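Trainee: here is a sequence together with a model predicted from it:
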Amino acid sequence: GDSVTQMEGPVTLSEEAFLTINCTYTATGYPSLFWYVQYPGEGLQLLLKATKADDKGSNKGFEATYRKETTSFHLEKGSVQVSDSAVYFCALSNTGGFKTIFGAGTRLFVKA
Amino acid sequence: GAVVSQHPSRVICKSGTSVKIECRSLDFQATTMFWYRQFPKQSLMLMATSNEGSKATYEQGVEKDKFLINHASLTLSTLTVTSAHPEDSSFYICSATATGFGNTEAFFGQGTRLTVV
């Protein structure tokens, strides 16, 4: 079945450091790919998405490119802030199914 | 964008009682709603899928008599945790979707943190 694998955390960075969180997926067909963010004690917020190969999703300085050849959707940010500390989930949803499959989540700590 | 509202955001109940969690789509008609459970520091696990007017489809290992799901209208689904026990304490999140959103994205509620004492 469909699955998402993302790098284990926690990831600890200093403010203004470069962030990469790796995500790879296994799916039939042509899924849409998502990154969600969960701040402490809160629900999920959609951070960015890409619906087809080579699409780049971007939001709040975060970017991820849908790479079908490597089945990857790595999250990057050039300069993280303390306020970016949260748990980040990579996810996929297959056409017609609506069901969202989540990765295990990666906790990010950003130190001032 | 589409908004999904979940209520309550937090609830504390005594062992043996039942708790109902509501999930509403505020500005669209949700043909399908999903219920997830999140254990501390873990990912979201799908519990069940509900379609308006029909019985919910439960994932393997989820007790349907324990977690009652009702999707009586196109804007409301409810999850009732019956005879709750401390091991049911968790973060429960719903999501909703409909045709017209490209068949690719579901919208999530804010989540409900249930504590059973």
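Mentor: Received the coordinates, thanks. All figures in this text were calculated on a predicted structure; none of them were measured in a lab.
Trainee: now do stretch B:9-18: distance from first to last residue.
Mentor: 16 Å (CA to CA, to the nearest Å).
Trainee: residue 11: neighbour count?
Mentor: You didn't pick a chain, so chain A it is. Using other CB atoms under 10 Å in any protein chain shown, residue A:11 has 18 other residues around it. Bear in mind the C-beta positions are built from the backbone N, C-alpha and C, glycine included.
Trainee: you answered for a different chain; I wanted chain B.
Mentor: 17.
Trainee: surely residue A:88 meets residue A:20?
Mentor: No. Residue A:88 is beyond contact range of residue A:20, at 11.1 Å (criterion: CB atoms under 8 Å).
Trainee: which residues do these two both contact?
Mentor: Common neighbours of residue A:88 and residue A:20, using CB atoms under 8 Å, 6 or more residues apart in numbering or on different chains, are residue A:75.
Trainee: settle it for me: which of the two has more neighbours?
Mentor: Neighbour tally, residue A:88 and residue A:20, criterion other CB under 10 Å: the higher count belongs to residue A:88, 24 against 10.
Trainee: who in chain B is up against chain A?
Mentor: B:6, B:32, B:34, B:41-44, B:46, B:49, B:93, B:95, B:97, B:102-111, B:113 (CB under 8 Å from any CB of the partner chain).
Trainee: among those, which are in strands?
Mentor: B:6, B:32, B:34, B:44, B:46, B:49, B:93, B:95, B:97, B:107-108, B:113 (DSSP state E).
Trainee: who wins for neighbours among the residues you listed?
Mentor: Neighbour-wise, these (other CB under 10 Å) top out at residue B:95, 29 neighbours.
Trainee: residue 26: neighbour count?
Mentor: You didn't say which chain, so I picked chain A. By the measure other CB under 10 Å, the count of residues near residue A:26 is 13.
Trainee: actually, chain B is the one I wanted.
Mentor: Residue B:26 has 12 neighbouring residues, counting by other CB under 10 Å.
Trainee: isn't it right up against residue B:7?
Mentor: No. With contact defined as CB under 8 Å, residue B:26 and residue B:7 do not form a contacting pair (11.5 Å).
Trainee: nearest the geometric middle of chain B, what residue?
Mentor: residue B:35 (3.5 Å; CA atoms, centre = their mean).
Trainee: chain B contacts on chain A?
Mentor: So chain A meets chain B at A:32, A:34, A:36, A:41-46, A:49, A:51, A:89, A:93, A:95-96, A:98-105, A:107 (CB under 8 Å from any CB).
Trainee: filter those residues down to the buried ones.
Mentor: Neighbour counting by 16 or more other CB atoms under 10 Å in any protein chain shown classes A:32, A:34, A:36, A:43-44, A:46, A:49, A:51, A:89, A:93, A:98-105, A:107 among the residues of chain A next to chain B as buried.
Trainee: so which of those are in strands?
Mentor: The strands, defined by DSSP E, take in A:32, A:34, A:36, A:44, A:46, A:49, A:89, A:93, A:100-102, A:107 from these.
Trainee: including distance to residue B:85 and pLDDT, could those residues go into TSV?
Mentor: Compiled in TSV, those are given as follows (distance: CB to CB, whole Å; pLDDT from 0 to 100):
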residue	distance to residue B:85	pLDDT
A:32	37	90
A:34	33	94
A:36	29	94
A:44	26	85
A:46	33	90
A:49	37	93
A:89	28	94
A:93	32	87
A:100	28	86
A:101	28	88
A:102	25	91
A:107	28	94
